[in-house]
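>>> just the structure for this:
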Amino acid sequence: MKYVLLGSISPSWLGKQAERLKKSNEKLKQLGIKQDSVLYTQGQYDFVETIDAPGPESVLGFTIWYSKKGFGNIQTLPAFGDQEIRKIIKKMIKILKYLNRVLRNISDITYADIITPYI
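Numbering: from 1, shown residues only. All right, here's what the predicted structure looks like:
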């Protein structure tokens, strides 16, 4: 699954960028996470990184490790490609149509329909 990481770098690590990057990349590899891209930014976050991870547990493990090392903080966002989001939307539309039919059928049921079998 793809994720976007919005990260900050602790001031104490700003001068040790190469070391922080090396350790982070080693940890990503150890957790089976593939780094797609990283861009350094100005503003609220110091970098935006896209990764492909085996699951949320590995991403959570990385973000906890990153903070525990004192490197900074990371906010994670699950990310979806265009085709993937289209499939999700298509599925949701089917579910909503089904629920609409069910609710319509329920509204056709009267009190007598429910109680008559028990009288």
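>>> could you tell me how far the spatially most central residue of the chain is located from residue 62?
Taking Cα atoms, centre = their mean, the centroid of the chain lies closest to residue 78, which sits 2.0 Å from it. According to Cβ to Cβ, to the nearest Å, residue 78 stands 14 Å off from residue 62. The C-beta positions use only the backbone N, C-alpha and C, and glycine is treated the same way.
>>> same check on residue 83?
From residue 83 to residue 62 the distance is 26 Å (Cβ to Cβ).
>>> ok, these two, which is more surrounded?
residue 62 (22 against 8; other Cβ atoms under 10 Å).
>>> hang on, the earlier thing: need the nearest residue in space to the residue nearest to the centre of the chain, chain neighbours excluded.
The spatially closest residue to residue 78, leaving aside those adjacent along the chain, is residue 3, at 5.9 Å (Cβ to Cβ, 6 or more residues apart in numbering).
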